[in-house]
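# Sequence first, predicted coordinates after that:
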Amino acid sequence: MMEQKKLVVIGGGAAGFFCAVNAAATDTELEVTIIEKSGKLLSKVRVSGGGRCNVTHSCFSIAEMIKKYPRGEKFLKQAFHHFFTNNTIEWFEKRNVKLKTEADGRMFPESNSSETIINCLLHEANKYDVEILMNREIVKIEKPTEKENEKENRFQVISKDGFVLEADFICIACGGFHRPDQYSWLTKLGHSFESPVPSLFTFNVPKNPISGLMGISLENVHVKINGTKFSQKGSMLITHWGFSGPVVLKLSAFAARDLSEMNYDFSISVNWLADYHENLILEKLKLVRHEFASKKIINKNPFNLPQRLWEYHLQQCGINLEIRWADLPAKQQNQLAKQLCSQQFHVKGKTTFKEEFVTAGGIKLNEVNANTMESKIVPGLFFAGEILDVDGITGGFNFQHAWTSGWIVASSIKHYIEN
């Protein structure tokens, strides 16, 4: 009789659970254990999307999807061929969790509650007898010995309290680490990592009058980080500390390493009217001056900007709010055009949200097989989710990577056992 094989999954998040439940479902003879260092399971799933869980994004082109990942694009180009958006939707629907698509492409459970996703994954774990051990931090993994005649040729998984688990296969899915020293137990196995830096954060603009407009959001703004190649277009939110919203979060993700090197002290150029350049704005202002000559400038906002923002721009240019369009001096007209298309801000510092914290960095991708998620250094050792040097912008992309990598590990282990 063949000895029962054992898989130990380190990490009770989205990638770890998806790996565990799929591995247990495809081989009922496989013993599967999830080890979680904290007292909470699926904590990022719970808080994602304001508690609704942004499961994935309704993008069905791999070529388009990989553009949403500042790091890991080539790696995911291979991985997504094995398990992609359509597979995620189908997987959850087969388990009576229907997903809906919002106008911006984000996909949520129809229930609008992350508990639906959590309950689904916990139900699967229970159904296939996945063992879950909590409050156990793994500090060491010992590789199997190479003596072929030795009976116990297995990994030794050792926790901080001295608890030891044996495993034929290990999937490391413990999320992204925030400090380099947290990788030491993995570097002892021969792996190396890209140093972690924050991704997906907002820009702080201290002591700037723009913060007086907190709560105003705009649909189409272009933001450029001066002196770099990084720029993004999209919606922006003005906050009491500076700027947030998709355009800023995207920019922070793609420029994560550069901004870390700048110590989060840099300047940005904001075009409040992303579809206009300076000359187009000037032409429009000239038309408005002619058409609404007798109207007060404060009452005729030609670009449909929020009224408080329009007043702010006029004040920034020293324009009298009571002046008529016909009386606007050419110098101030030119200044207003420049202000609207390339206003400069000095950013000093960032704001990250602990619950949804995403790191850029992780295990180097050239050390992992993108088609199996297996280590190229240690056979039988696999990686899934954010521990890898892969991260996406907001919108369900990080979860899609978690589902994909978790599923591939499960599929690879099945292949191992069958052969």
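That came through fine.
# Gln333 versus the residue with the largest distance to the centre of the chain, what's the distance?
Ranked by distance from the centre of the chain (CA atoms, centre = their mean), the top residue is Ser294, with 50.3 Å. Counting by CB to CB, to the nearest Å, the separation of Ser294 from Gln333 is 17 Å. Bear in mind the C-beta positions are built from the backbone N, C-alpha and C, glycine included.
# How about Arg308?
Noted for Arg308: a distance of 21 Å to Gln333, by CB to CB.
# neighbour-wise, which of the two wins?
Neighbours were tallied for Arg308 and for Gln333 using other CB atoms under 10 Å; the higher tally belongs to Gln333 (19 against 12).
# Check which helix or strand the more buried one maps to.
Gln333 is part of helix 330-342 when elements are defined by DSSP states H and E.
# Give the other helices and strands that that helix contacts.
Judged by 3 or more CB pairs under 8 Å, 6 or more residues apart in numbering; DSSP states H and E, helix 330-342 is in contact with strand 265-271, helix 278-291, helix 307-316.
# go again using 10 Å as the cut-off
Secondary-structure packing of helix 330-342 (3 or more CB pairs under 10 Å, 6 or more residues apart in numbering; DSSP states H and E): strand 217-225, strand 265-271, helix 278-291, helix 307-316.
# could these be laid out in TSV, adding mean pLDDT and distance to Gly245?
Putting those into TSV (pLDDT from 0 to 100; distance: least, CB to CB, whole Å) gives the following:
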stretch	mean pLDDT	distance to Gly245
strand 217-225	97	6
strand 265-271	98	12
helix 278-291	94	22
helix 307-316	96	14
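# Out of the ones you listed, which is closest to Ser244?
Using CB to CB as the criterion, the shortest distance between Ser244 and the helices and strands packed on helix 330-342 is 9.2 Å, found for strand 217-225.
# buried residues in the closest one?
Applying a neighbour-count criterion of 16 or more other CB atoms under 10 Å, one finds 218, 221-225 buried in strand 217-225.
# could you point out which element follows that strand?
Proceeding N to C from strand 217-225, the next assigned helix or strand is strand 231-238, under DSSP H and E.
# CA atoms of that following strand as CSV?
C-alpha atoms of strand 231-238 as CSV (Å, rounded to 0.1, in the frame of the first residue of the first chain):
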residue,chain,number,x,y,z
SER,A,231,2.4,58.9,-15.8
GLN,A,232,-1.2,57.7,-15.6
LYS,A,233,-4.7,58.8,-16.6
GLY,A,234,-7.8,58.2,-14.6
SER,A,235,-10.1,59.3,-11.7
MET,A,236,-8.6,61.1,-8.7
LEU,A,237,-9.9,61.9,-5.3
ILE,A,238,-8.7,65.0,-3.3
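# and that strand, which strands flank it?
With DSSP bridges as the criterion, the sheet partners recorded for strand 231-238 are strand 217-225 (antiparallel), strand 242-244 (antiparallel).
# between it and strand 265-271, how big is the angle?
Orientation note: strand 231-238 sits at an angle of 90 degrees relative to strand 265-271 (axes from the mean of the first three to the mean of the last three CA atoms, to 10 degrees).
# ends of stretch 316-329, how far apart?
The stretch stretch 316-329 measures 15 Å between its terminal residues, going by CA to CA, to the nearest Å.
# Please state the offset of that stretch from the chain centre?
The offset between the C-alpha centroid of stretch 316-329 and the centroid of the whole chain comes to 44 Å, using CA atoms, centre = their mean, to the nearest Å.
# cool, and stretch 361-375?
Between the centre of stretch 361-375 and the centre of its chain there are 18 Å (CA atoms, centre = their mean).
# Tell me which residues of it come out buried.
Neighbour counts using 16+ other CB under 10 Å place 361-363, 365, 367-370, 372-375 of stretch 361-375 among the buried residues.
# Please look at Thr228 and Ala256 and confirm they touch.
No - in this structure, Thr228 sits apart from Ala256 without contact. The criterion is CB atoms under 10 Å, and the distance is 11.9 Å.
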